[in-house]
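Peer 1: turn this into a structure:
(one chain, ligands or ions: 1)
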Amino acid sequence: MIKPDYDLVIIGGGPAGLTAGIYAMRAKLNCLLIEKTVTGGSALITDWIENYPGFPDGISGYDLTDRFTKQAKHFGLKIENKAAKELWLDDGLKKISTDKGIITAASVIVATGTSPKKLGIEGEKSFYGKGVSACATCDGPFFKNKVVAAIGGGDSAVQESLFLTKFVKKVLLIHRRDSLRATKILQERAFKNDKIEILWDTIPKKIFGKDSVETLTVQNLKTEEIKDLSIDGCFVFAGTNPNNDFLVDTVKKNENGFIYTDKNMETSVKGLFCVGDARQTPLRQIVTAAGDAAIAVIGAEKYIENFYEE
Ligand code: NAP
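Peer 2: Alright, predicted model coming up:
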C-alpha cells in the first residue's frame, strides 16, 4: 500500500476544524489542516458570542476563534493556506487536489462550514460592496446614523441587527413570516430596541440606487402591497449554503448540499468525516461544531489504526 502524506487531513479552519486539530494532535496523529483564507470561520466575524460555555460575560468571535487557533498550534497542529478543489478515492487513499498541489491522506475530516445565501433579487449582485453586505461586523461601521435593511428572521438576522444598532439610526428588519426563527433571548432584545423596526410578512423584491443603495422595494405577502423603502444599506441574512462543492458526487448530501453523517460523524464514505455547519444537523453552533469534531477524531483514529493494519 502507498503511504499517504498524512494520517489525517482536516479541511477548514473554523471552530470545528480547529477542535478536530486539537484532538488529532493530542492523539498523536500525523495531521494537516488546510484553510483557504484565515482560521476562525464564520465565528470570526461574529461580534459577540454569549452561548459558548466558559465565558460568562461573552467573548468576541475574533477572540474566541483566536483562542481556538492558539490552542491547536500549542499542540503542534500544522496549518497550511490551501483551498480544496476536489476530493476523490484512489487505491485506498483519499486524495485532495488543492490550489497548491495534491495531498494524500488515510482519513479526512471535512469542516468547511457555510457561506451566506444570496436572495437572488435584482440589484443584490450589482450593489454588493456598494451598500449590500452579509457581514455586519465588517460593514456596519460604514452606516453611522444611516437607515439599513436587514433581511431574515434567524439568529444571524436578529443578532446582527442588534449589533448594527450601535452605529445606525434605524434597522428595518424584514422578515417573510409573522414570527422570528431566532433564539428567544435575541427576539426579546430586538423587540425592546427602539432602533429596530420589524416589517412582518414582507419580502424584498428589488434593490436600486444611483452609485450606491438608495431604495429597497418590498412586498407584504398578506396585503400584497408593494412599497419602496429609503435605505442606505441592505444586509442579507437569509440563511446559508454549505461549502461542499469540492465533494461533487463523493458523499451523500441532502437536497441543500449538507452532508449526511452517522453518529460518529462519518459520511457515506468510510474514513471520511464531516463536522460542524457543513453537515446535516439539527443545530449549527460553535459548541455543537466542537462536539462534532471531538467525536469525529475518535472515529478517524480507529479508522487510521485499521488502515495501517490492513
Ligand atoms: P437561518 O436560521 O436559516 O435563518 C435564515 C432566515 O432567513 C430565516 O428567518 C428565513 O425565513 C429567512 N429567509 C431564507 N430565505 C429567504 C429569502 N429568500 N427571502 C427572505 N428571507 C429568507 O440562518 P442564519 O440565521 O444565518 O443561521 C444559520 C445557523 O447558524 C442557524 O443554525 C443558527 O442557529 C446559527 N447561528 C447561531 C447564532 C447564535 O447562536 N447566536 C448566531 C448566528 C447563527 P424563515 O424563518 O421563514 O425560514
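Peer 1: where does the residue lying closest to Leu186 once chain neighbours are set aside fall, secondary structure wise?
Peer 2: In this structure, Leu186 finds its nearest non-sequential neighbour in Val158, 4.4 Å apart by CB to CB, 6 or more residues apart in numbering. C-beta: built from backbone N, CA, C; applies to glycine. Using DSSP states H and E, the element containing Val158 is helix 155-164.
Peer 1: tell me how many other residues crowd the closest residue to the ligand within the stretch 151-300 of the chain.
Peer 2: The nearest approach of the stretch 151-300 of the chain to the ligand comes at Gly154, 2.4 Å away (CB to the nearest ligand atom). Neighbourhood size, Gly154 [other CB atoms under 10 Å]: 18.
Peer 1: shouldn't it be in contact with Phe237?
Peer 2: Yes. Using CB atoms under 8 Å, Gly154 is in contact with Phe237, at 6.6 Å.
Peer 1: can you give me the offset of the helix holding Val158 from its chain's centre?
Peer 2: Put simply, helix 155-164 sits 15 Å off its chain's centre (CA atoms, centre = their mean, to the nearest Å).
Peer 1: who in the stretch 151-300 of the chain is up against the ligand?
Peer 2: 151-157, 159, 176-177, 181, 203, 237-240, 284-285 (CB under 6 Å from any ligand atom).
Peer 1: can you say which of those residues are buried?
Peer 2: Those of these that meet the buried threshold are 151-157, 159, 176, 203, 237-238, 240, 284-285, by 16 or more other CB atoms under 10 Å.
Peer 1: and the two most separated of the residues you listed?
Peer 2: Ile203 and Gln285 (27.3 Å; CB to CB).
Peer 1: so where's this protein uncertain?
Peer 2: Counting by pLDDT under 70, the chain contains no low-confidence range.
Peer 1: could you list the domains of it?
Peer 2: Here the domain parsing of the chain from automatic domain parsing is 6-115+240-309, 118-236.
Peer 1: now, of the ones you listed, which is deepest in the fold?
Peer 2: domain 6-115+240-309 (a mean of 20; mean count of other CB atoms under 10 Å).
Peer 1: centre of the chain to it, how far?
Peer 2: Averaged C-alpha coordinates place domain 6-115+240-309 at 12 Å from its chain's average position (CA atoms, centre = their mean).
Peer 1: next, the distance between the ends of that domain.
Peer 2: When the termini of domain 6-115+240-309 are compared using CA to CA, to the nearest Å, they are 16 Å apart.
Peer 1: surely Leu216 and Ile231 touch.
Peer 2: Yes. Between Leu216 and Ile231 there is a contact under CB under 8 Å: 5.1 Å.
Peer 1: what about the residues of the stretch 151-300 of the chain next to the ligand, which are in strands?
Peer 2: Among those, DSSP state E puts Ile151, Ile203, Thr240 in strands.
Peer 1: for the residue lying closest to Thr183 once chain neighbours are set aside, what are its contacts?
Peer 2: In this structure, Thr183 finds its nearest non-sequential neighbour in Asp155, 5.9 Å apart by CB to CB, 6+ apart. By CB atoms under 8 Å, 6 or more residues apart in numbering, the contact set of Asp155 is Arg181, Ala182, Thr183, Leu186.
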